[in-house]
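Undergrad: got a structure for you, letters missing:
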C-alpha cells in the first residue's frame, strides 16, 4: 500500500495487543501527571481516550468496562448511598453508579475531568449531576483520612505504572478498607488475565493481606489488550453473590447493554488458570 | 522508529482488531481452496496458523478456543462415542475430544492437515491416533449421505466467506442434523459478538429454522478480533446444561487450562446485547 494507514496500536510486553484504525489526533497534552490524548478512530468505536499511550476508553465499547466495574458491587449491596470512584475521570463509572436510585453522593477523585467533558460527552454525561462531588487531587492523599465514609469504593485506575503505581500497594488498600463503612465493598480493576499474569498475582497477594474476602470476576473488553479483563471484589464481611437486589437489578438491566442478572451470577466462575493465578 | 516492525494485523470491517509482533513467515502457500500461512510470532503466542489472512490458531492461546468448542457439548452428552469435526485441521479440537475416554471414533473433515502436523505439533498431536479418521475432502459433500452416525458434530469452520460460505447455510445445517444420532448435539463456531453482529443474526436465524433447540455460549479468545467469541449449541432434543457428566468433568478439568465445571455452567449467561442478537 502506497500510503501508510494510521493505527492506534497497544502491544503488551508479551508482544500482542490491539490495533484500531485512526482518522486523527484530536487532543494531545502532557498534564502534571501524564500524557492525555483523544483520538478519532475510523471505526464504530468513535473517539478514544488514552493516558500515557494506554487505552482507557472508546465511545463505542466503554460500556463493557463501566457496567462491569459498577453494577457487580453496587447490586451486591442492599442500599449503596455513598460511593467513591478513584480514577475514572472519563465519567463512565459515575454514570453507571448513578443509575442506582439509592445513591445520594458520588465522590470522583481524578485528574482527567475537563478533557472528558469536552470530547466524550456520552461517557461524561453525569459529571455535572448535583450528587457528584469532583476532587481533582491525588487519590492516595485523599483517602488517607477518610474513615468509615463509603458503602462502595471503585478503583477505576490506570495500569500499575507511572502515576498509577501507588494505587497498587498494601498501604493504599488498607486506607481504602478503612474508608469503607460496615458492609462496604471495594472493587478494583485488576488487569488482563492474559497479558498481565505477574501483575495479577502480585495484586491479589497484596489484597489478601488487607481484606478477608477477595474474589475475582471477569468479562470481555474488546479494546483492551487480550480482550479480557478482571476485577477484584474485596470486603471485610460481604461475600460476592451473597445478595442481589432483585428490583434494582430489573430496573438497571433495562438501562444496560451487557448487564443482566444471569450475566452477573456467572461472572465469578473463572477459567482454571485465572483461579490459580488469583489464589496463588 | 527507523525500521518498521513486522506485525500480523487482523482488522475487522468495523475498523479494529488485533496486532501481533512477528519474527518471520515460515510457510505460505495457496492450496486448491485457500491461502495457508504459518507465521512465527515474536511473543509467547509462538507459531500462528492463518487461512486467507484470517487468524485460525496460535500455539500460545489455542486452548481458549479448543477447550470451549469441544468440552461444552461433549460433557453435555452421557456417552459420546462418535464425533465428527468439520474444519479444525490444526487438530486442536480433535485433541480435546479425545480426552473423553468414551470416544471410539473421531472423523476429521478438513484440508489443512499436513501443514499443521509439521508446524504445530502441540496442537496436531493426536492426528495420528488410531481413533481418528481423516477425510481430506469437502465437508459439504461428505455430510450429505451420513444419516444417524454421530453423537457430536463440531463445526470448527473459518468465517462465512470464501470456502467457508457453504458451512453457513440452511441446507448444510439440515444435513448436519440428519447425521446426528438420537440425543446428538451440534456445536458450531458462530463468530465474534462484537465484530460480526450481522453474521450472528443471520446464522442464528438459519439455525432456528433447522433445530428446535438453539442456544449461544461465549468465552474470551485473546487473539481473535474483538477478543470474544460465540458458539451455537444446537440439538433436536438436548437442552444445554441439562446434563453434565460429573466424573468425566473432574478428569478433564485436570487436563485443561480453562475448562472447569463452574466455568461450564456460567457459559450460557449472555450479555444482553448478544441475547438480543441471537434471539432476533
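TA: Sure, I can see it. Because the structure is a prediction, the values reported are computed rather than measured.

Undergrad: from here on, contacts and neighbour counts on C-alpha atoms
TA: Fine.

Undergrad: Do a quick rundown of the helices in chain A.
TA: A:62-75, A:92-97, A:113-119, A:139-142, A:170-179, A:197-210, A:246-253, A:261-266, A:272-279 (DSSP state H).

Undergrad: The fourth one packs against which elements?
TA: Meaning helix A:139-142. Applying 3 or more C-alpha pairs under 8 Å, 6 or more residues apart in numbering or on different chains; DSSP states H and E, we find helix A:139-142 packed against no helix or strand.

Undergrad: Packed most tightly, which of the helices of chain A would that be?
TA: Most buried of the helices of chain A by mean neighbour count (mean count of other C-alpha atoms under 10 Å in any protein chain shown) is helix A:92-97; its value is a mean of 26.

Undergrad: which helices and strands does that one pack with?
TA: When contacts are defined as 3+ C-alpha pairs under 8 Å, 6+ apart, helix A:92-97 sits against helix A:62-75, strand A:82-87.

Undergrad: hmm, back to that, mind putting the helices of chain A into CSV with mean pLDDT?
TA: Output for those, formatted as CSV (pLDDT from 0 to 100):
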stretch, mean pLDDT
helix A:62-75, 98
helix A:92-97, 98
helix A:113-119, 94
helix A:139-142, 95
helix A:170-179, 98
helix A:197-210, 96
helix A:246-253, 97
helix A:261-266, 98
helix A:272-279, 96
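
Undergrad: Go through those helices and name the closest to residue A:235.
TA: Set against residue A:235 and scored by C-alpha to C-alpha, these come closest in helix A:170-179, at 7.7 Å.

Undergrad: Which elements pack onto the closest one?
TA: Using 3+ C-alpha pairs under 8 Å, 6+ apart, helix A:170-179 sits against helix A:197-210.

Undergrad: which residues are in contact with the helix it packs on?
TA: Helix A:197-210 is contacted by residues A:160, A:168-170, A:173-174, A:177, A:190-193, A:214, A:232, A:234, A:277-280 when judged by C-alpha atoms under 8 Å, 6 or more residues apart in numbering or on different chains.

Undergrad: ok, now with 7 Å
TA: A:168, A:170, A:173-174, A:190-191, A:214, A:277-278, A:280 (C-alpha atoms under 7 Å, 6 or more residues apart in numbering or on different chains).

Undergrad: same thing with stretch A:67-77?
TA: Outside stretch A:67-77, the residues that reach it (C-alpha under 7 Å, 6+ apart) are A:80, A:93, A:96-97, A:185, A:187, A:240-241, A:243-245, A:249, A:259, A:264.

Undergrad: between these, which is nearest chain B?
TA: Of all those, residue A:259 has the smallest distance to chain B: 6.1 Å, by C-alpha to the nearest C-alpha.

Undergrad: and the closest one, how many neighbours does it have?
TA: 23 (other C-alpha atoms under 10 Å in any protein chain shown).

Undergrad: Give me the phi and psi angles of it.
TA: phi -60, psi 130 (degrees, to the nearest 10).

Undergrad: So it sits against residue B:271, correct?
TA: Yes. With contact defined as C-alpha atoms under 7 Å, residue A:259 counts as touching residue B:271 (6.1 Å).

Undergrad: what's the nearest residue to the closest residue to chain B within the stretch 51-200 of chain A if we skip its chain neighbours?
TA: Nearest residue of the stretch 51-200 of chain A to chain B, counting by C-alpha to the nearest C-alpha: residue A:194, 7.3 Å away. Once flanking residues are discounted, residue A:194 sits nearest to residue A:226: 5.9 Å by C-alpha to C-alpha, 6 or more residues apart in numbering or on different chains.

Undergrad: which ones are touching the one you found?
TA: A:17, A:192, A:194-195, B:222-223, B:227.

Undergrad: May I ask which two of the residues you listed are separated the most?
TA: The widest separation within these (C-alpha to C-alpha) is 13.3 Å, between A:192 and B:223.

Undergrad: quick revisit: if I look at the residue of the stretch 51-200 of chain A closest to chain B, how far off is residue B:32?
TA: Applying C-alpha to C-alpha, to the nearest Å, the value for residue A:194 to residue B:32 is 36 Å.

Undergrad: Please work out which residues outside stretch A:39-48 touch it.
TA: Under C-alpha under 7 Å, 6+ apart, the answer for stretch A:39-48 is A:20-26, A:38, A:49, A:57-61, B:14-16.

Undergrad: Counting by contacts, list what the strand ranked longest in chain A packs against.
TA: When chain A is scanned for its longest strand (criterion: DSSP state E), the result is strand A:16-30. Contacts defined by 3 or more C-alpha pairs under 7 Å, 6 or more residues apart in numbering or on different chains; DSSP states H and E place strand A:16-30 against strand A:7-11, strand A:35-41, strand B:16-30.

Undergrad: so the second one versus strand B:16-30, what angle?
TA: Orientation check (axes from the mean of the first three to the mean of the last three C-alpha atoms, to 10 degrees): strand A:35-41 against strand B:16-30 gives 60 degrees.

Undergrad: show me what contacts residue A:186?
TA: A:152-154, A:233-235.

Undergrad: what pLDDT does it get?
TA: Residue A:186 is assigned a pLDDT of 98 by the prediction.

Undergrad: which residue packs closest to it, ignoring adjacent ones?
TA: That would be residue A:153: by C-alpha to C-alpha, 6+ apart, it lies 4.7 Å from residue A:186.
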